[in-house]
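In: build the 3D model from these lines:
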Amino acid sequence: MQEFLLILKGDGMNHLSPDELQNIMSEYRSWVNQLGEKYLGGQRLEDKGALLKSKTDEIITDGPFLEPKEIIAGYFLIQAKDQHEANQIAISSPHLGLYQIEVRAISFPKMK
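Out: Numbers count the residues shown, from 1 in each chain. So this is what the prediction gives:
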């Protein structure tokens, strides 16, 4: 099994009513239960933050970010046998549609 990071992009839940938020959270809990041990964790991130491009104190971007499509709203860490299975897990997420989901394999350094 390989680990994959599912990156949620956009401002998908910012416009939902409390009832809609409750429904999506219920669907999320169901989805996590269905994934079982394939689900390793995840968190929602705040809209604001900082983008640093060097080791100086200079902040290139200090959020909130201007473009909603640039917001990284959260992430999930999952296990899958390959990229195809990870993509299928992302497609099954109740967050797809509210967010774009980028699926990236975690790369481990080779041990000598």
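
In: the spatially most central residue of the chain: what's it in contact with?
Out: Closest to where the C-alpha atoms of the chain average out (CA atoms, centre = their mean) is Tyr75, at 2.3 Å. Counting by CB atoms under 8 Å, 6 or more residues apart in numbering, Tyr75 touches Leu5, Leu6, Ile7, Leu8, Gly42, Gln43, Leu45. Using the backbone N, CA and C atoms, a C-beta is placed for each residue, glycine as well.

In: just Ile106 next, same as before
Out: The contact partners of Ile106, taken as CB under 8 Å, 6+ apart, are Gln2, Glu3, Phe4, Leu5, Leu77.

In: give me the number of residues near the second one?
Out: This means Glu3. 15 (other CB atoms under 10 Å).

In: partner residues bridging it?
Out: Per DSSP bridges, the residues bridged to Glu3 are Gln79.

In: so it touches Gln79, yeah?
Out: Yes. With contact defined as CB atoms under 8 Å, Glu3 and Gln79 form a contacting pair (5.8 Å).

In: so what sits against both of the two?
Out: By CB under 8 Å, 6+ apart, the residues touching both Glu3 and Gln79 are Leu40.

In: low-confidence ranges, the protein, go.
Out: In the prediction, the chain carries residues with pLDDT under 70 at positions 50-52, 57-70, 109-112.

In: need the contact partners of the longest helix along it.
Out: The longest helix of the chain (DSSP state H) is helix 18-35. By CB under 8 Å, 6+ apart, the surrounding residues in contact with helix 18-35 are Met13, Leu16, Tyr39, Ile78, Ile89, Ser92, Ser93, Pro94, His95, Leu98.

In: hey, where'd the strands end up in the protein?
Out: Shown for the chain, the strands assigned by DSSP state E span residues 2-9, 39-44, 50-51, 61-62, 72-80, 100-105.

In: could you dump these to CSV with distance to Gln22?
Out: Formatted as CSV, the strands of the chain follow (distance: least, CB to CB, whole Å):
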stretch, distance to Gln22
strand 2-9, 19
strand 39-44, 15
strand 50-51, 32
strand 61-62, 32
strand 72-80, 17
strand 100-105, 21
